Structures are given as structure tokens and as C-alpha cells.
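# Output the structure for:
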Amino acid sequence: MRRTFFILTLAFLSIFASSAQDRIHFLDSRVVEAVVDEVGNELIYYRSYHNQNGPLYSVPVSHVEKIVYHNGYEQVVRGGMLFNDDLLTAVGGVGGKMRFANGKLYLGSHSYYGQMQADYIAFNLYGDDYYKARRRRTTGHTLTWVGASVFTFGFLLLAGSDIPEGGAVIMGIGAAGMGAGIPLICNGNKILKGIASDYNSRLSPDYKPNLTFGPCRSGVGFALNF
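Next up, the predicted model:
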């Protein structure tokens, strides 16, 4: 009786353990049973499921097809980036290209819904760059508006005061604020445009392969984009 109970206990534990493992599906059809430790933008860190106290391995995201976690949750790789189920639903449900207009990103259309979808995808796929762009735009707008206000105040002070030096100094401070803010806005816009361009060229469901002609590393030639 004790032996039977012991065997059943081991069987139950083995079944539970097998259901608790993550599986990394590689592009070459290999499947590695693992415990995923961290998923980064470029690398996936994991330990062997059969040696969980062993070394920590890493593999480029671009070498992986998908990750199936022990709870059934899946992350699929597209264009060298990991998508979760919510992102796949968002992209598949909306479709279209990502657009940059008036300092904001839109997906499919310039509606509020299109903006929310674009923000959600950009946040999940381009986190650091997206944060950087938003911060620079916000800081740039603040410096520009404050600088313009200070410059205007200095101009009025200069025009109506018998001591023009104070107004000139204030105008200089305001001009410095605008001079620092405008480049930040331009740089933030550039990053957001780059995000939209990268998404459209690699991840958009509407993207189609195309043949372009132009400069390349060794000179000038044709390039097949797919």
C-alpha cells in the first residue's frame, strides 16, 4: 500500500513538473525545455529545465519562433520582436500603416482609437525609444513655451522701461529657453517618425515586399525588401 502511494505521488509530481516548464521554439524547429529568466529586446535569458541551478543561457530573439510558458501564455516573434496575444490582436484587428502627425503616432487612421492603438504598440515594442521621444517632446514644449513667455515679458519690459539692460537680459534668457526647447521637439519627432517607419517596414500587416534602387554598402544597386 505504501509503495503504491509512493509511486502515485511521484507520478503526480512528475506530471505537475512537466506542466510547469517553459518551451522555447527555435526557427530551426528545435524545442528547448527551459525556465525563462528574462526576455529583453534583443536577448532571451533562460536556464535548462532539467538543470535549473545550472548556467544561465542567452539566445537572440531573432533566432526564436515563439515562447510557450508553463501557464499556456504565448509570445510570438515577428520581425525580430516578441509579440504577446494582446499585441497580435491589436495589430491584426486594426491593420494599416503607422503614421506620424502633429507629434503623435496613429495606427490605421487619425482617430482617437488609432492613436491609442499606436501608443500601445509603440510602448510595448519600442519602450526606451518611445519614452525618450515623449520625454524630449514634453521637455521641449515646456522650454519653448516658458522661453517664449519670458522673451515676451523681457520685450515689453525693454520697450516700457528706462533701464533697457534688464529687459535685454530677460529676453536673452527667454531666447535661450526657446533655443534649447525647439531642438528637443525636433529630435523627439525624429524618433517617433523612425518608430513609424520601422514598424511599417518590418511589422505592419499591410507591408508588401518591394524592390528599391539606391546606394548600398558596396556602391549602388537593387535591394529586395521583405
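# element containing Gly177, please.
In the assignment (DSSP states H and E), Gly177 maps to helix 164-202.
# Tell me how many other residues crowd Asn53.
As a burial measure, Asn53 scores 6 neighbours (other C-beta atoms under 10 Å). To be clear about C-beta, it is placed using only N, CA and C from the backbone, and glycine gets the same treatment.
# Bridged to the closest residue to it other than its chain neighbours, which residues?
What sits nearest to Asn53 in space, not counting adjacent residues and going by C-beta to C-beta, 6 or more residues apart in numbering, is Arg47, at 7.9 Å. For Arg47, the beta-bridge partners are Val35 (DSSP bridges).
# same question, the one 10 residues further on
Using DSSP bridges, the beta-bridge partners of Tyr57 come out as Tyr46.
# try the one 10 residues further on
Assessed by DSSP bridges, Ile67 has beta-bridge partners Ile24, Gln75.
# what sits against it?
Each residue near Ile67 by C-beta atoms under 8 Å, 6 or more residues apart in numbering is listed here: Asp22, Arg23, Ile24, His25, Val36, Val39, Ile44, Glu74, Gln75, Leu82.
# So which of those residues wins on neighbours?
Ile44 (22 neighbours).
# Confirm that it sits in a helix.
No - when classified by DSSP: H, G, I helix; E, B strand; the rest coil, Ile44 is found to be strand rather than part of a helix.
# Give me the neighbour count for Leu157.
Counted with other C-beta under 10 Å, the neighbours of Leu157 add up to 17.
# So it versus Ala176, what's the distance?
Applying C-beta to C-beta, to the nearest Å, the value for Leu157 to Ala176 is 17 Å.
# swap in Gly40?
From Gly40 over to Ala176 the distance is 39 Å, taken as C-beta to C-beta.
# More neighbours: these two, which one.
Set Gly40 next to Ala176 and count neighbours by other C-beta under 10 Å: Ala176 wins out with 14 against 10.
# The more buried one touches Gly147, doesn't it?
Yes - Ala176 is in contact with Gly147 according to C-beta atoms under 8 Å; the separation is 6.9 Å.
# Give me the neighbour count for Gly147.
20.
# which SS state does it fall under?
Looking at Gly147 with three-state DSSP, the answer is helix.
# ok, now which ones touch the closest residue to it other than its chain neighbours?
Nearest non-adjacent residue to Gly147, counting by C-beta to C-beta, 6+ apart: Gly177, 2.4 Å away. Gly177 sits next to Leu143, Thr144, Val146, Gly147, Ala148, Val150, Phe151 when contact means C-beta under 8 Å, 6+ apart.
# where in this protein is pLDDT low?
Within the chain, the segments meeting pLDDT under 70 span 1-20, 78-80, 85-95, 161-164, 204-226.
# how does it divide up, domain by domain?
21-78, 98-205 (automatic domain parsing).
# quick one: the residue lying closest to Asn200 once chain neighbours are set aside and Ser197, what's the gap?
Among residues not flanking Asn200 along the chain, Lys97 sits closest, at 4.9 Å (C-beta to C-beta, 6+ apart). Per C-beta to C-beta, Lys97 is found 10 Å from Ser197.
# Would you mind giving both backbone torsions of the residue nearest the centre of the chain?
Centrality entry for the chain: nearest residue to the mean C-alpha point is Tyr126, 1.2 Å, by C-alpha atoms, centre = their mean. Dihedral pair for Tyr126: phi -130, psi 40, per degrees, to the nearest 10.
# Now do the same contact list for it.
Taking C-beta under 8 Å, 6+ apart, we find Tyr126 in contact with Ile195, Asp198.
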